[in-house]
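Participant: Attaching a predicted model along with its sequence, questions to come.
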Amino acid sequence: MKPRDEQLLSMILESDEVKMACEASESQEVPTLRTPAQTSELKAQQSERQTQPPQDVPEQRVAHVAENAPAEELLQEELTRERTKFLFFRTLRSTVFSLVVVAAAAVLVAVLVLPILQISGNSMTDTLQDQDIVVALRGSNCETGDVVAFYFNNKILVKRVIARSGQWVNIDNAGNVFVDGVMLDEPYVADRALGDCNIKLPYQVPESRVFVMGDHRSVSIDSRNTTVGCIAEEQIVGKLLFCAWPFERFGAIR
C-alpha cells in the first residue's frame, strides 16, 4: 500500500472513532448543576406528586357517598322523630301548666271573691230549692231584700235580709212583715206565717246586726227565734248573685 493511501485510511478510522465517541457521550446523561432554591423546588414538586391521590379517588368518593346515603336518610328521619316528640311533650307540658294555673286561679277566685255554695234544706223555697248550687259575692255589704249566706255554728245558712241595725221589725199573725211601720212588699214569699217566733215584737235590731228571715216562713228558723237571733255583719259570707245549677233554674237570685 502506498504511503498516501495509508494516510487516508488512518484519517478515515480516526474520524469513525471520533464519531462513535460523540454518540456515546450524547447517550450518557450529563449531570447538571442547580442552585439550592432550584433543588428545594424540585423536591417540593416530587413530594407533591407523591402525595397526590390516584385518578380514581373521585370515583371512590362518589361510591362511598352513595353507600352512606341510606344511613344519612335514616339519621334524618330519626332526628325528625325526636324533634316531633320534643315538640309534643313541650306542648303537653305547656298545656298542663296552663290548666293548673287556670284551676288554681279558679280556686282562688272561688275562695276569695265568688264562693260557690250548695243549698241544703227548704227554708228558702220557692226562691231556692234543696241541692241548688249558687254563687255569692264575698263581702258584708248588703241591703234590705238581699239573700245572704252567713256563718252559724260551723255551718253556712242562707236567709233574706229584712232589716238592718236600728230599724224596728213587727210581724202580725197573718205573717205580714213591717219595718219601721211600713209593710214590706214580698212577692218572693209563697206562704206568709208568723212562724217559730219567740222574740218580743216589735223588735229593734241591735247595732251592727242584721235581721234575717227565710222565704218559707212557716218552717224557717231565723231571727224570729232567739236560737239564731240577729246575725253580726262579720258573720256574713256574701250576697248570693245567681243560681248556677240545675241549669233550668240558672239565673239571678232576687
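Facilitator: Nice, I can see it. Residues are numbered from 1 along each chain as shown.

Participant: quick one: low-confidence ranges for the protein?
Facilitator: Counting by pLDDT under 70, the chain contains low-confidence ranges at 1-69, 109-112.

Participant: give the contact list for residue 162.
Facilitator: 144, 169, 177, 179, 184, 211, 212, 213, 223 (CB atoms under 8 Å, 6 or more residues apart in numbering). All C-beta spots, glycine's among them, are computed from the backbone N, C-alpha and C.

Participant: Surely the last one touches residue 230?
Facilitator: Yes - assessed by CB atoms under 8 Å, residue 223 is found in contact with residue 230 at 5.1 Å.

Participant: Compare the two (neighbour count), which wins?
Facilitator: residue 223 (26 against 23; other CB atoms under 10 Å).

Participant: How about the more buried one, nearest residue that isn't a chain neighbour?
Facilitator: residue 211 (4.6 Å; CB to CB, 6 or more residues apart in numbering).

Participant: Can you tell me the element the residue positioned nearest the centre of the chain falls in?
Facilitator: Nearest to the geometric centre of the chain sits residue 98, at 2.9 Å (CA atoms, centre = their mean). Using DSSP states H and E, residue 98 sits in helix 57-112.

Participant: State the next helix or strand along the chain beyond that helix.
Facilitator: Later in the chain than helix 57-112, the nearest helix or strand by DSSP H and E is strand 116-118.

Participant: who does that next one pair up with?
Facilitator: strand 133-138 (antiparallel) (DSSP bridges).

Participant: Downstream of the partner strand, the next helix or strand is which one?
Facilitator: strand 147-152.

Participant: can you list the residues that contact that next one?
Facilitator: Here strand 147-152 has contacts from 115, 117, 124, 127-128, 136, 142, 156-161, 210, 212, 228, 231, 235-240, 253, using CB under 8 Å, 6+ apart.

Participant: Among the residues you listed, name the buried ones.
Facilitator: Neighbour-count burial (16 or more other CB atoms under 10 Å) is assigned, among those, to 115, 117, 124, 127-128, 136, 142, 156-161, 210, 212, 228, 231, 235-240, 253.

Participant: Narrow those residues to those in strands?
Facilitator: The members of these that map onto strands under DSSP state E are 117, 136, 156-161, 210, 212, 231, 236-240.

Participant: And the furthest pair within these?
Facilitator: Greatest spatial distance among these (CB to CB): 117 and 210, at 18.0 Å.

Participant: ok so, going back, mind putting the contacts of residue 162 in CSV, distance to residue 151 included?
Facilitator: CSV is the format used below for the contacts of residue 162 (distance: CB to CB, whole Å):
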residue, distance to residue 151
144, 21
169, 22
177, 24
179, 24
184, 26
211, 17
212, 13
213, 18
223, 15
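
Participant: which of these tops the neighbour count?
Facilitator: residue 211 (28 neighbours).

Participant: pretty sure that one is touching residue 230, no?
Facilitator: Yes - under the criterion of CB under 8 Å, residue 211 makes contact with residue 230 at 5.3 Å.

Participant: How many residues are close by residue 113?
Facilitator: The number of residues near residue 113, taken as other CB under 10 Å, comes to 12.

Participant: That one: what's it in contact with?
Facilitator: 137, 138.

Participant: switch to 7 Å and redo it
Facilitator: The contact partners of residue 113, taken as CB atoms under 7 Å, 6 or more residues apart in numbering, are residue 138.

Participant: how near is it to residue 120?
Facilitator: 23 Å (CB to CB, to the nearest Å).

Participant: cool, and residue 82?
Facilitator: 56 Å.

Participant: neighbour-wise, which of these two wins?
Facilitator: More neighbours surround residue 120 than the other of residue 82 and residue 120, with 13 against 10 (other CB under 10 Å).

Participant: State the distance from the more buried one to residue 76.
Facilitator: From residue 120 to residue 76 the distance is 65 Å (CB to CB).

Participant: With residue 190 instead?
Facilitator: Distance from residue 190 to residue 76, by CB to CB: 76 Å.

Participant: That concludes my questions; thank you for your assistance.
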